[in-house]
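**Q** Sharing a sequence plus its predicted fold:
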Amino acid sequence: MKELVEVIAKSLVDYPDEVQVTETENDKAVVLELKVAQSDMGKVIGKQGRIAKAIRTVVKAAASKEDRKVIVEIMQ
């Protein structure tokens, strides 16, 4: 899942070298924290959060094959 989020985020931003995805796992879910350059935040979130929602939907669909719950958080 981590690699999937990285690939999607790097294709959207102007500074792909600054994309960082950290994965933490707790008892209920896997949490993926996405960090990008400040100037790229709008590109990752999109108008009214549409791109962020699309990223979460794709990751959720991929995680459903493995019966895991994955949460994608976009950090500043």
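**A** In hand now; what should we look at?
**Q** and Val59, how many neighbours?
**A** Residues lying near Val59 (other C-beta atoms under 10 Å) number 20. (Glycine included, C-beta is placed from N, CA and C.)
**Q** quick one, what contacts Leu34?
**A** By C-beta atoms under 8 Å, 6 or more residues apart in numbering, the contact set of Leu34 is Val5, Ala9, Val19, Gln20, Val21, Val44, Ile55, Val72, Glu73, Ile74, Met75.
**Q** of these, closest to Val31?
**A** Glu73 (6.4 Å; C-beta to C-beta).
**Q** Give me the pLDDT for the closest one.
**A** pLDDT for Glu73: 95.
**Q** Dig out what it forms beta bridges with.
**A** Glu33 (DSSP bridges).
**Q** Test my guess that it contacts Glu33.
**A** Yes - in this structure Glu73 lies within contact range of Glu33 using C-beta atoms under 8 Å: 5.1 Å.
**Q** Surely Glu33 and Ala9 touch.
**A** No - taking contacts as C-beta under 8 Å, Glu33 lies outside contact range of Ala9: 11.5 Å.
**Q** which of the two has more neighbours?
**A** Ranked by neighbour count (other C-beta under 10 Å), Glu33 and Ala9 place Ala9 first, with 24 against 15.
**Q** Can you tell me the element the more buried one falls in?
**A** Under the criterion of DSSP states H and E, Ala9 resides in helix 2-12.
**Q** picking that back up, what touches both of Glu33 and Ala9?
**A** Val21.
**Q** how far does stretch 47-62 sit from the chain's center?
**A** 8 Å (C-alpha atoms, centre = their mean, to the nearest Å).
**Q** List the contacts of it.
**A** So stretch 47-62 is contacted by 1, 4-5, 8-9, 12, 32, 34, 43-46, 70, 72, 74 (C-beta under 8 Å, 6+ apart).
**Q** Apply 6 Å and report the result again.
**A** With contacts defined as C-beta atoms under 6 Å, 6 or more residues apart in numbering, stretch 47-62 is touched by Met1, Leu4, Ile8, Ile45, Val70, Val72, Ile74.
**Q** Top of the residues you listed by number of neighbours, please.
**A** So for these (other C-beta under 10 Å), the most neighbours sit at Val72, 24 neighbours.
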